[in-house]
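Novice: show me the folded form of this:
(one chain, ligands or ions: 1)
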Amino acid sequence: MAKIAVMGYGVVGSGTVEVFYKNKASLERKTGQELDIKYILDLKEFPESPYADKFTKDFNDILNDDEVSVVAEVIGGINPAYTFVKQLLQKGKSVVSSNKELVAKKGAELLAIAKEKNVNFFFEASVGGGIPIIQPLHQSLAANEINEIVGILNGTTNYILTKMIREGDSFESALKTAQKLGYAERDPSADVDGHDTCRKICILASLAFGRHIYPDNIHTEGIRNVTLEDVEYAESFGGAIKLIGWAKQIDNGNVQILTCPALVSDESQLYSVNDVFNAILVRGDSTGDVVFYGKGAGKLPTASAVVSDIVDAIKNKGKSKSLHWDDSEQDFVDSYENIELASYIRFSSQDILKAKSDVKNLFGEVQYLSKKHQNDSEIAFITPVMKEYEIQKLCNELESSGTIVSRIRVLID
Ligand code: HSE
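Specialist: Residues are numbered from 1 along each chain as shown. Okay, the predicted model is just below:
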């Protein structure tokens, strides 16, 4: 018999309890034992809930109950989740978590405690909602050196961008709909300013490249400045704008990593990933490209990943499954200025002929884009692939004859 506790009864927590009881019989078959949820921790009252007798407001009930062997942390945020998880692991309980902020900031430390205590710290639900990616990256792709990971990792922003592309909806109106549907975080800036994507790509890169990559110093741009005009130019290029997390191992073993909106070409497998769906492309040295696709946000998909981790933790009781990465210094991450990508640039000038001549002198051959009802004082073009510091220098020089209205990186494959 295994007893479980669930900490947090919000969207993911209530989904976790729902999925657990809906599929209890098959979960018991898969683990070969009886299972039950003994506690649900939440500060709110749920008197009408069929699980009312399981609620507690006291974390110590869970911590000090030796019957509880696995705890799901679905509270979110750093505090009190971090203190709770740390104490639980130190006490010899396995923890599964959907909390990307916690894993991205404290993963190396929590994994080390789990290893020392011979328990597990799993976090499949922290990236990609219901998509299995953490275990496949750790286990099924273990034979590979991972060269590159690129993902659409945030359901809310992908939903917003899809509404802008398909329906010509404004950013604000699409955000409101996403919040109504329960996709967006309480504070939408985590989604729309790219922090959520940044945390998720840091988790994937830490796992793939073996050393902790902390989100605080990663260059991160969100989608607030993406306009309907950019969306139209992207269409004329045969592409679509997506918010991506991107990480690549370079020759000296260091990692380049970035979160930003990108113009994704229709040659890319990420191009047709729409709505709340996420997709993660992993480039292995033996497998080539592998793409993981599915619902990246929402109550039941995320709960599915939490419950699967609960099953895994129960099946692996008494042995640490060695999900692991080392702690690291910041110099493991290469300077953002060295990242090499092409850019889409929208440039406004009173003298378009001069602007085009300047573009040619500065960037060489570029690909011009056009759109319906294009403003006479505006051009849009794709630069060659060049290093970030070079492109920034050229953009500064170009601004002597006008204004750069938008700049978005381009992802060709
Ligand atoms: N707000 C997140 C998203 C939830 O939209 O992807 C899942 O992590």
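Novice: for the residue in the stretch 301-413 of the chain positioned nearest to the ligand, what are its contacts?
Specialist: Sorted by distance to the ligand under C-beta to the nearest ligand atom, the residues of the stretch 301-413 of the chain start with T302, at 6.4 Å. (Each C-beta comes from the backbone N, C-alpha and C, glycine too.) Remark: with contacts taken as C-beta atoms under 8 Å, 6 or more residues apart in numbering, T302 is in contact with 11-12, 15, 98, 125, 129-130.
Novice: with neighbour count and secondary structure added, can I get those in a markdown table?
Specialist: Below are those laid out as a markdown table (neighbours: other C-beta atoms under 10 Å; DSSP: H, G, I helix; E, B strand; the rest coil):
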| residue | neighbour count | secondary structure |
| --- | --- | --- |
| V11 | 19 | helix |
| V12 | 26 | helix |
| G15 | 23 | helix |
| S98 | 28 | coil |
| A125 | 30 | helix |
| G129 | 28 | coil |
| G130 | 20 | coil |
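Novice: possible to save the residues you listed as TSV with pLDDT and distance to L394?
Specialist: As requested, the contacts of T302 are exported to TSV (pLDDT from 0 to 100; distance: C-beta to C-beta, whole Å):
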residue	pLDDT	distance to L394
V11	91	45
V12	95	45
G15	97	49
S98	97	43
A125	97	42
G129	92	39
G130	93	43
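Novice: nearest to the ligand, of these?
Specialist: Comparing every one of the contacts of T302 with the ligand (C-beta to the nearest ligand atom), the shortest separation belongs to G129, at 5.4 Å.
Novice: tell me the secondary structure at the residue of the stretch 301-413 of the chain closest to the ligand.
Specialist: Three-state assignment for T302 (DSSP: H, G, I helix; E, B strand; the rest coil): helix.
Novice: one step back: so which of the contacts of T302 also contact the ligand?
Specialist: Among the contacts of T302, the ones lying close to the ligand by the criterion of C-beta under 6 Å from any ligand atom are G129.
Novice: as CSV, the contacts of T302 with distance to F332 would be great.
Specialist: As requested, the contacts of T302 are arranged in CSV below (distance: C-beta to C-beta, whole Å):
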residue, distance to F332
V11, 34
V12, 31
G15, 35
S98, 26
A125, 26
G129, 28
G130, 30
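Novice: what does this protein have sitting close to the ligand?
Specialist: Neighbours of the ligand within the chain, by C-beta under 6 Å from any ligand atom: 129, 154-156, 183-185, 191, 196, 296-297.
Novice: got a winner among those for most neighbours?
Specialist: For the residues of the chain next to the ligand, the largest neighbour count, defined by other C-beta atoms under 10 Å, is 34 neighbours, found at N154.
Novice: tell me the contacts of that one?
Specialist: For N154, counting by C-beta under 8 Å, 6+ apart, the contacting residues are 191, 194, 196-197, 200, 243, 278, 296-297.
Novice: go again using 6 Å as the cut-off
Specialist: With contacts defined as C-beta atoms under 6 Å, 6 or more residues apart in numbering, N154 is in contact with 191, 196-197, 243.
Novice: I'd guessed E67 sits against K3; true?
Specialist: Yes. Under the criterion of C-beta atoms under 6 Å, E67 lies in contact with K3, with a separation of 4.5 Å.
Novice: tell me the one of the contacts of T302 nearest H373?
Specialist: Distance ranking of these against H373, using C-beta to C-beta, places G129 first at 37.9 Å.
Novice: show only the entries of the contacts of N154 found in strands.
Specialist: Counted as lying in strands by DSSP state E, out of the contacts of N154, are L243.
Novice: can you redo the contacts of N154 as TSV with pLDDT?
Specialist: Output for these, formatted as TSV (pLDDT from 0 to 100):
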residue	pLDDT
D191	94
D196	95
T197	97
L243	98
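Novice: what segments of the protein are helices?
Specialist: Defined through DSSP state H, the helices belonging to the chain, from first to last, are 11-22, 24-31, 59-63, 81-90, 100-116, 134-135, 155-167, 171-180, 189-192, 195-209, 228-237, 299-315, 352-363, 388-398.
Novice: how is the protein carved up into domains?
Specialist: Residue ranges for each domain of the chain read 2-129+299-315, 134-295, 340-411, as given by automatic domain parsing.
Novice: who does E73 bridge with?
Specialist: Under the criterion DSSP bridges, E73 forms beta bridges with M7, S97.
Novice: let me see the contact set for it.
Specialist: 7, 81, 85, 95, 97, 99.
Novice: how near is the second one to the ligand?
Specialist: Distance, A81 to the ligand, by C-beta to the nearest ligand atom, to the nearest Å: 15 Å.
Novice: for that residue, give me its contacts.
Specialist: Shown here is A81, whose contacts under the criterion C-beta under 6 Å, 6+ apart are 73, 75, 99, 102.
Novice: repeat for the first one
Specialist: Listed by C-beta under 6 Å, 6+ apart, the contact partners of M7 are 41, 73, 75.
Novice: and the strands in the stretch 201-350 of the chain?
Specialist: Using DSSP state E, counting those that start in this stretch, the strands of the stretch 201-350 of the chain run over residues 239-249, 255-265, 277-284, 288-295, 340-348.
Novice: buried set for the lowest-mean-pLDDT helix or strand in the chain?
Specialist: Within the chain, judged by mean pLDDT, DSSP states H and E, the helix or strand with the poorest mean is helix 171-180; its value is a mean of 87. Counting neighbours by 16 or more other C-beta atoms under 10 Å, one finds that the buried residues in helix 171-180 are 171, 174-175, 178.
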